[in-house]
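Chemist: coords please:
(one chain, ligands or ions: 1)
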Amino acid sequence: MTEHTAPMSPTTPGEFADEIRKELKYTQGVTAEQATPADVYVATATAVRKHLVDSWASTQHDMVAGSTKAVGYFSAEFLMGKQLLNALLNAGLSDQFYDAVKELGFDVQDVIDSEYEPGLGNGGLGRLAACYIDSLASKGVPAFGYGIQYRYGIFKQEFDEQGAQVERPDYWLANEEPWGHIDYNRSQRVNYGGSVVEENGKKVWKPAWSVRAVPVDYMVPGYASGRVNTLRLWSAKSYDEFDLLAFNKSEYVDAVKPQVAAENISKILYPEDSTPQGKALRLEQQYFFVAASIQDAIRVFYPGEENPDLTTFPSKICFQLNDTHPVIGIPELMRVLIDEYGYDWDTAWSITNKSFNYTCHTLLPEALEVWSAKLIGELLPRHLEIINKINEQFVAELGTKTNDSAKIDRMRIVTDGEDPQVHMAYLATYGGLHVNGVAALHSQLLKDVTLRDFSDVYGDKFTNVTNGVTPRRFIRIANPRLSALITEGLGTDRWLSDLDMLEGLVPLAKDDEFVKKFAAVKQANKVAFSNYAKREYDFDIDPNTMVNSMIKRLHEYKRQSLKILSVISQYADIKSGKVSADDILPRTVVFGAKAAPGYKMAKLTIQLINNVARVVNNDPDVKGKLAVYYPWNYNIRLAQHLIPATDLDEQISQAGKEASGTGNMKFALNGAMTVGTLDGANVEIRERVGAENFFLFGMTVDEVEALYAKGYEPKSYYEADPRLKQAVDMVADGTFSEGDKGLYEPLVTDWLNKDYFMTLADFSAYMDIQGEIETLYREPLEWSRKALLNVANSGFFSSDRAIDDYLRDIWETGPLGE
Ligand code: GPK
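Modeler: Next comes the predicted model:
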């Protein structure tokens, strides 16, 4: 018998089936006989929401009535994934759902598949936000996620005949969306443009135009906590009525122009990852959701008060800035306090300073947002004044802390000169209480390199919170077989809210019978994935080969090119007979990645991978030995299927470039072995699972720096390793482009002459470790034992632990009622 810590709903399957029938009838207007699986999905979602409503209301009530500080997680991205199974799990209705749907005569999978995945994020940063709001609710901490309900999410990726990425719009709201509740009664006005005038010695902003921010509320049910928080995503609507005159003249397009402009603000998620786009619309988006959210928080915590005492604001809620995207919130809160509530500058500053904290997610200098002061001045003239004043105060304060004028100059929030620039990361560091990186190594490098001057002067602000992932979605829902085995091994399912308990599996790694069960789970997951890949992509994946996955955004620093060059080298070795048939370990390499639409090198790498796949998979000489698959449109759903089926995952970024990684955590927790560099959270994963259970290779951060300093010449590596030379030559000679030697020329030229991320320098080490990997894989029991130890020792990487760190070191708050 296992205990159930999730609140088991008293609802029986029969009752739940009746609830679904009712929703079908009264909400959708169809009978169970007329209903399609999509109807049943919507009806189920509606029924689940009703189960959560009371907890949602009581959580909000307790939050406002009580004295526990809430958290406002400000993020331009929330990559939630599908909601149905997660909501059912947390509502304690999973079992009832399966039985009810059967009773209604539907296939459960068809119902689940009817949900269209919202893609309101690019990658790790957006998914992290989703994991964190899950953990906050599961811990019973009062919290809001605040963001944007984009009408179009991350583009849908397709591949054309040539294997190149094609981006298609992701109009997810064209589908029925039962989770979000549009609350027109709680909209907020967000102003833009215009000028600032002085009236009675007071600065008054006279905006030129406004947008109506309408909240769309999503319930965020906690697992086993009885709490339901809110994800409030703002949607932009126009205030402007039709220009009737223009409309009457049939100039329809002109008539709706202001409306279109306003609604454009929440129309589309920018598909860049780690590269800010200097677009006015992006700044409009950032200000849009932050301004609406700050007003909303004041409305929520001071209900009906005309003259609220906002000096208490920092004890009601604190805002976490997820990267620099919401940093405009700092001058906005200053503006609200001074201009709208009449506080003096110093009081406003003291409130603001305590209200914000900033998480940095990058080490790439080009990913730290910088806005031209001119643009800010045009869009938000009052904010530019405030930013300038913050900068003056900051520079004066620095003068009392250091005599180093060059340093003060480097640190300026607003640069000097003709075309001043505003450094959002600097504004965030100065304007808030804490700054954190997302893995131990990353936080260290932030202090030592990226924000070094700031850490010299404001050392106390800097801290680390290593990322985490939610075990509910990424183990329980994604990998039910492993979940059942873990529960069997531990004799309880409490590990789902206390992931450190996985350590209890360590002794079982010595138990061959248990290890064999663990191996059987992996094998069953591989078969399931193979079926899924057949159904969804028409791929023929052999589940009896090693499944070797690399899933993440396509970026040069992540080094998908290192992986594909190694595949090419293996292909060449098999073809040339250099390795005998008996020595070949059959392997299926699976890639999943989207590239930013404007990122040429990344897109060319996609094309190369697709064409290597085409050539390799059609070559009878390597059949059954090596296969390469690139399922298009990598998303959360695909991750949930592939991760549990993976034997070996790739975390091979150049050391010092990946802030953390979270895929690496998901893989370890699902019993994959990792091949990786000493980068991001790999460092901590390896420390925890044990060096002997991790395939480490490649240069360290220090070695990378030394090589840059010495002068890096990629060609020398190409000359020195014949395997590398052969692989690069095959890309250059048209083997993967039907003889066209020009296609991959930009890639080849870059590799041989620049190779900023040192793919070539790490190639030999990467190839050499393959031998070690294959030797271990030939000992299935030993491989599985090590993989099990990865699971057992990765409990630290739960987002519940990360949230505990934030609560203790940054937010200084906790669960409601404690
Ligand atoms: C970092 F800078 C950015 C960005 O714009 N988008 C994004 O997803 C990622 N990230 C890092 O690249 C990962 O290393 C990290 O795990 C993730 O953010 C979450 O912190």
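Chemist: would you list the phi and psi of I541?
Modeler: Backbone torsions of I541, given as degrees, to the nearest 10, read phi -90, psi 130.
Chemist: again, but for K156
Modeler: phi -80, psi 130.
Chemist: my read is that it contacts P169, right?
Modeler: Yes. At 7.2 Å, K156 counts as touching P169 under the criterion of CB atoms under 8 Å. From N, CA and C alone the C-beta is placed, and that goes for glycine too.
Chemist: higher neighbour count, the two?
Modeler: Using other CB atoms under 10 Å, the more surrounded residue of K156 and P169 is K156, with 18 against 12.
Chemist: where does that one land on pLDDT?
Modeler: On pLDDT, K156 comes in at 98.
Chemist: OK, contacts around it?
Modeler: Under the criterion of CB atoms under 8 Å, 6 or more residues apart in numbering, the neighbours of K156 are E167, R168, P169, D170, N633.
Chemist: now the third one: closest residue in space, sequence neighbours ignored.
Modeler: Once flanking residues are discounted, P169 sits nearest to Y152: 5.3 Å by CB to CB, 6 or more residues apart in numbering.
Chemist: quick check: phi and psi at the one you found.
Modeler: According to degrees, to the nearest 10, the main-chain angles of Y152 amount to phi -120, psi 120.
Chemist: write out the residues of the stretch 51-200 of the chain neighbouring the ligand.
Modeler: By CB under 6 Å from any ligand atom, the residues of the stretch 51-200 of the chain that approach the ligand are N122, G123, G124, L125, L128.
Chemist: which other helices and strands contact the top strand by length along the chain?
Modeler: Looking across the chain with DSSP state E, the single longest strand is strand 209-221. Contacts defined by 3 or more CB pairs under 8 Å, 6 or more residues apart in numbering; DSSP states H and E place strand 209-221 against helix 37-65, helix 84-91, helix 124-138, strand 181-182, strand 188-192, strand 228-237, helix 257-264, helix 280-301.
Chemist: just those: most buried one?
Modeler: helix 124-138 (a mean of 27; mean count of other CB atoms under 10 Å).
Chemist: tilt between that one and strand 228-237?
Modeler: Orientation of helix 124-138 against strand 228-237 (axes from the mean of the first three to the mean of the last three CA atoms, to 10 degrees) gives an angle of 140 degrees.
Chemist: which residues touch the helix or strand just after helix 124-138?
Modeler: With elements assigned by DSSP states H and E, the helix or strand that comes after helix 124-138 is strand 143-148. Residues outside strand 143-148 that contact it (CB under 8 Å, 6+ apart) are 70-78, 120, 129, 133, 136-137, 220, 229-235, 266, 269, 285, 288-290, 293, 296-297, 317.
Chemist: neighbours of F757, just the number please.
Modeler: 21.
Chemist: for it, which non-adjacent residue is closest in space?
Modeler: Per CB to CB, 6+ apart, closest to F757 is Q654, 4.3 Å.
Chemist: kindly report the same for L136.
Modeler: Nearest non-adjacent residue to L136 (CB to CB, 6+ apart): A143, at 4.1 Å.
Chemist: ok, now how distant is that neighbour from R186?
Modeler: 18 Å (CB to CB, to the nearest Å).
Chemist: likewise for S569?
Modeler: In terms of CB to CB, S569 sits 59 Å off from R186.
Chemist: between those two, who's got more neighbours?
Modeler: It is S569, of S569 and R186, that has more neighbours when counted by other CB under 10 Å, with 23 against 15.
Chemist: the more buried one and D762: what is the separation?
Modeler: With CB to CB as the criterion, S569 and D762 are 13 Å apart.
Chemist: one more: Q34?
Modeler: 59 Å.
Chemist: cool, and N322?
Modeler: For N322, the distance to D762 - CB to CB - is 31 Å.
Chemist: direction included, what does the longest strand of the chain pair against?
Modeler: Strand 209-221 sits in its sheet next to strand 181-182 (antiparallel), strand 188-192 (antiparallel), strand 228-237 (antiparallel), going by DSSP bridges.
Chemist: and for the second one, what's in contact with it?
Modeler: Right, the one you point to is strand 188-192. Under CB under 8 Å, 6+ apart, the answer for strand 188-192 is 205, 207-213, 215, 234, 239, 284, 287-288, 291-292, 295-296, 379-380.
Chemist: domains in the protein, by residue range?
Modeler: For the chain, automatic domain parsing gives the domain ranges 1-65+84-114, 66-82+117-363+427-467, 471-797.
Chemist: so where's the stretch 601-750 of the chain uncertain?
Modeler: Within the stretch 601-750 of the chain, no range satisfies pLDDT under 70.
Chemist: spell out which parts of it neighbour the ligand.
Modeler: So far as CB under 6 Å from any ligand atom goes, the stretch 601-750 of the chain lies against the ligand at E658, A659, S660, G661, T662, G680.
Chemist: filter these down to the buried ones, ChimeraX style.
Modeler: Buried residues within those, by 16 or more other CB atoms under 10 Å, are selected in ChimeraX with:
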select :658,659,660,661,662,680
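Chemist: wait, which of the residues of the stretch 601-750 of the chain next to the ligand is closest to K389?
Modeler: For these, the closest approach to K389 (CB to CB) belongs to A659, at 31.7 Å.
Chemist: show me the contacts for that closest one.
Modeler: C360, H361, T362, L363, G437, V438, A439, H442, G680.
Chemist: try 7 Å
Modeler: When contacts are counted by CB atoms under 7 Å, 6 or more residues apart in numbering, A659 touches H361, T362, L363, G437, V438, A439, H442, G680.
Chemist: so the third one sits in a helix?
Modeler: No. When classified by DSSP: H, G, I helix; E, B strand; the rest coil, L363 is found to be coil rather than part of a helix.
Chemist: low-confidence ranges in this protein?
Modeler: 1-8, 241-250, 252, 818.
Chemist: for the ligand, what's its nearest residue on it.
Modeler: Closest to the ligand within the chain is G124: 2.9 Å, counting by CB to the nearest ligand atom.
Chemist: excluding chain neighbours, what is closest to that residue?
Modeler: Among residues not flanking G124 along the chain, T662 sits closest, at 5.2 Å (CB to CB, 6+ apart).
Chemist: pretty sure the one you found sits against R473.
Modeler: No. Using CB atoms under 7 Å, T662 is not in contact with R473; the gap is 11.9 Å.
Chemist: buried residues in the strand or helix carrying D750?
Modeler: Using DSSP H and E, D750 maps to helix 745-753. For helix 745-753, a neighbour-count test (16+ other CB under 10 Å) marks L747, V748, D750, W751, L752 as buried.
Chemist: before we move on, what about stretch 777-796?
Modeler: 777, 783-796.
Chemist: contact partners of that stretch?
Modeler: 499-503, 505-506, 509, 512, 515, 518-519, 546, 585, 665, 668-669, 671-673, 685, 688-690, 693, 776.
Chemist: same check, this time on stretch 617-632
Modeler: Contacts for stretch 617-632 (CB under 7 Å, 6+ apart): 157-159, 533, 537, 539, 541, 567, 570-571, 574-575, 584, 586-592, 609-610, 612-613, 616, 638.
Chemist: go with 8 Å
Modeler: Residues contacting stretch 617-632 (CB under 8 Å, 6+ apart): 157-159, 533, 536-537, 539, 541-542, 545, 567, 570-571, 574-575, 581, 584, 586-592, 606, 609-610, 612-613, 616, 638, 642.
Chemist: re the thing from before, what about the residue nearest to L136, how many neighbours?
Modeler: Quick note: A143 (other CB under 10 Å) scores 29 neighbours.
Chemist: who is it paired with across the strands?
Modeler: Here A143 shows beta-bridge partners V71, assigned using DSSP bridges.
Chemist: which strand or helix spans the nearest residue to F454 once chain neighbours are set aside?
Modeler: Of all residues not flanking F454 in the chain, T429 sits nearest, at 4.9 Å (CB to CB, 6+ apart). Using DSSP H and E, T429 maps to helix 424-431.
Chemist: that helix packs against which elements?
Modeler: For helix 424-431, the packing partners by 3+ CB pairs under 8 Å, 6+ apart come out as helix 329-335, strand 356-359, helix 381-399, helix 452-457.
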